[in-house]
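Asker: just need the structure, nothing else, for what follows:
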Amino acid sequence: MADLEVEVNGGTVVYEWVGPEDGEVVVLTPGGRFSKDYGGLHELANALAKGGKRVLLWDRPNCGRSDIQLFGRSESHMRAETLGAMLDKLGIDQVVAAGGSGGARDMIIFTLLYPEKVKKLLVWCIVGGTFSTMSLAGVYILNELRTVRTQGIEGIIKLGNPAGFGWASLCANNPRNADRLRAIGAEEFERVMYRWLDAFIPKPNEAIPGVADWEFEQIKVPTLIVRGGEGDFDHPKRTSYEVHALIKGSKLIEPPWPEDAWERASEKAHSGQGALFDFWHLGAEEFLKFIDE
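Answerer: Got it, this is the predicted structure:
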């Protein structure tokens, strides 16, 4: 289906629908600052659509072709607030909130902020632990702070990213974004990045970045958690158990993909032979079973 646009909080969000118009709405959220068009997303969306679901794929702010946005307690909180307002504009009352990797964090925070909008919560590849959390500080924040302090906002406009998403690509994908960054300016950009950095400082009372453990007790909706892979440093097995323990009544299942799926996908992505989320569609059967329970 063709891309659509909606204005939220003074910026445009690009989205699309996959599946029947009368299907139960599932918001599918990827990780990183990856676009909705990144490999593996449409394959999972199509599989869920075959099960009768209407899947909402969206370019979160600072992803794909949507407008850059800089506000909120953390980047994930900003995305959650954007989704809440977006659903209101689209006239959607409730959704199944589904996400992997950074998208899992986004959907957990969305459920915390808008419990009335969530029927069920479905998460996998959850980031947590010292290595994973500190790694994300480097992926999302530290280069940005170094660059804005030495090169100003024009340096940010030209800044790439080894993962393939960076401010330069955001500006290339959406010509408005360079002007949006200039309007924000170096001082405000640095202020927001420094605030967002706090989420990626490992803390003993935060199983996942930017969410205090006590906050999880507010999640009352049926929740499905996929256990992290045995050797997955980016989405530790331990973190999935911690989140399961923190969300009362949640269900933890074994991975519906190979134990080393993330490691093998990472190897293929780095060699240009695949994408990080290529294996996610293997979870469709378990996901549909949970949604339909």
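Asker: and for the closest residue to residue 234 other than its chain neighbours, the neighbour number?
Answerer: In this structure, residue 234 finds its nearest non-sequential neighbour in residue 132, 5.1 Å apart by C-beta to C-beta, 6 or more residues apart in numbering. Heads up, the C-betas are built off the backbone N, CA and C, glycines and all. Residue 132: 22 surrounding residues under other C-beta atoms under 10 Å.
Asker: now the helix or strand harbouring residue 132: mean pLDDT?
Answerer: Assessed by DSSP states H and E, residue 132 sits inside helix 130-137. Helix 130-137 shows an average pLDDT of 96 in the prediction.
Asker: which strands or helices does the helix or strand just after that helix pack on?
Answerer: Once the chain leaves helix 130-137, the next helix or strand it forms, by DSSP H and E, is helix 143-157. For helix 143-157, the packing partners by 3 or more C-beta pairs under 8 Å, 6 or more residues apart in numbering; DSSP states H and E come out as helix 167-173, helix 176-197.
Asker: buried stuff in the shortest one?
Answerer: Read it as helix 167-173. Residues of helix 167-173 classed as buried: 167-171, 173 (neighbour count, 16 or more other C-beta atoms under 10 Å).
Asker: which of these lies closest to residue 198?
Answerer: Nearest to residue 198 among the buried residues of helix 167-173 is residue 167, at 20.4 Å by C-beta to C-beta.
Asker: residues in contact with the closest one?
Answerer: Shown in contact with residue 167 (C-beta atoms under 8 Å, 6 or more residues apart in numbering): 68, 144, 156-159, 161, 177, 181.
Asker: ranges for the strands of the protein?
Answerer: Ranges of strands within the chain are 4-8, 11-18, 25-29, 54-59, 95-100, 118-124, 223-226, 251-253, based on DSSP state E.
Asker: and the fifth one, how far out from the chain's middle?
Answerer: So the one you mean is strand 95-100. Remark: strand 95-100 is offset 10 Å from the chain centroid, using C-alpha atoms, centre = their mean, to the nearest Å.
Asker: go on, stretch 272-283?
Answerer: 16 Å.
Asker: stretch 256-274 now?
Answerer: 18 Å.
Asker: now do stretch 123-131
Answerer: That offset, for stretch 123-131, works out to 12 Å (C-alpha atoms, centre = their mean).
Asker: show me which residues of it are buried.
Answerer: 123-129.
Asker: I'd guessed residue 51 sits against residue 281; true?
Answerer: No: Residue 51 is beyond contact range of residue 281, at 11.8 Å (criterion: C-beta atoms under 8 Å).
Asker: circling back: where is pLDDT lowest across the contacts of residue 167?
Answerer: residue 161 (86).
Asker: that residue: how many residues sit nearby?
Answerer: If we define neighbours as other C-beta under 10 Å, then residue 161 has 17 of them.
Asker: distance of it from residue 169?
Answerer: 8 Å (C-beta to C-beta, to the nearest Å).
Asker: for residue 49, same thing?
Answerer: On the measure of C-beta to C-beta, residue 49 and residue 169 end up 28 Å apart.
Asker: related to what we said a few turns ago, can you list the strands of the chain in JSON lines and add distance to residue 217?
Answerer: Listed next are the strands of the chain as JSON lines, based on distance: least, C-beta to C-beta, whole Å:
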{"stretch": "strand 4-8", "distance to residue 217": "29"}
{"stretch": "strand 11-18", "distance to residue 217": "30"}
{"stretch": "strand 25-29", "distance to residue 217": "23"}
{"stretch": "strand 54-59", "distance to residue 217": "28"}
{"stretch": "strand 95-100", "distance to residue 217": "18"}
{"stretch": "strand 118-124", "distance to residue 217": "14"}
{"stretch": "strand 223-226", "distance to residue 217": "12"}
{"stretch": "strand 251-253", "distance to residue 217": "17"}
